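Engineer: no sequence on this one, just coordinates:
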């Protein structure tokens with residue numbers, strides 16, 4: 001059975017939101033790079049890759065269910081921020097917004113008795129708990145160290161060690177890595 005048109009259209013909107021998220025995090029990465037905070041920049045690049053993976057998982061799901069992905073224009077992200085914690089304030093707010101979007105998708109799946117979509121979307125529900133917690137943790141730490149360049153350097157060094165989730169490339173490529 002193919003995906004219901006209402007669910008397909010809602011997932012297409014979510015694909016757009018996930019690609020916008022990727023674009024936003026790439027813009028933030030560039031901003032941090034300009035500030036010579038390569039750890040923060042790296043963290044944002046990893047977020048960019050994860051958001052791209054999220055979009056591709058949705059893309060693949062629609063196609064697997066016999067639907068059609070219709071891509072729409074992506075809004076331009078912000079490019080300037082006033083502070084490091086200002087960036088992560090936006091990250092935390094954005095992730096909370098994405099959680100609301102995912103919850104709306106689950107509500108649509110439940111309304112349509114679309115158990116396949118509901119099951120698929122539970123991964124995103126769990127992922128958003130992690131995304132919000134991570135953003136809040138970094139934001140809290142930035143607020144604690146405000147003005148302490150040594151602590152900022154330490155956090156930057158820590159964030160430099162982040163690597164993208166191993167599932168990113170196979171999902172984006174829709175094939176295993178050889």
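Structural biologist: Alright, I've got the coordinates. What you see is a predicted model, and the numbers here were worked out from it, not measured in a lab. Numbering: from 1, shown residues only.
Engineer: For whichever helix or strand residue 56 is part of, name the packing helices and strands.
Structural biologist: Per DSSP states H and E: residue 56 is located in helix 38-64. Judged by 3 or more Cβ pairs under 8 Å, 6 or more residues apart in numbering; DSSP states H and E, helix 38-64 is in contact with helix 5-34, helix 84-111, helix 115-145, helix 149-160, helix 168-173. Every residue, glycine included, has its C-beta placed from N, CA and C.
Engineer: hmm, who's touching stretch 33-47?
Structural biologist: With contacts defined as Cβ atoms under 8 Å, 6 or more residues apart in numbering, stretch 33-47 is touched by 21-22, 25-26, 28-30, 32, 84, 87, 91, 138, 152, 155-164.
Engineer: on that earlier part again, the helices and strands packed on helix 38-64: lowest mean pLDDT?
Structural biologist: Ranked on mean pLDDT, the bottom entry among the helices and strands packed on helix 38-64 is helix 168-173, at a mean of 54.
Engineer: Tell me which residue lies nearest the centroid of this structure.
Structural biologist: residue 51 (3.6 Å; Cα atoms, centre = their mean).
Engineer: Next, count neighbours for the residue nearest to residue 29 when sequence neighbours are not counted.
Structural biologist: Distances taken as Cβ to Cβ, 6 or more residues apart in numbering place residue 44 nearest to residue 29, at 3.6 Å, with adjacent residues excluded. Close neighbours of residue 44, defined as other Cβ atoms under 10 Å, add up to 25.
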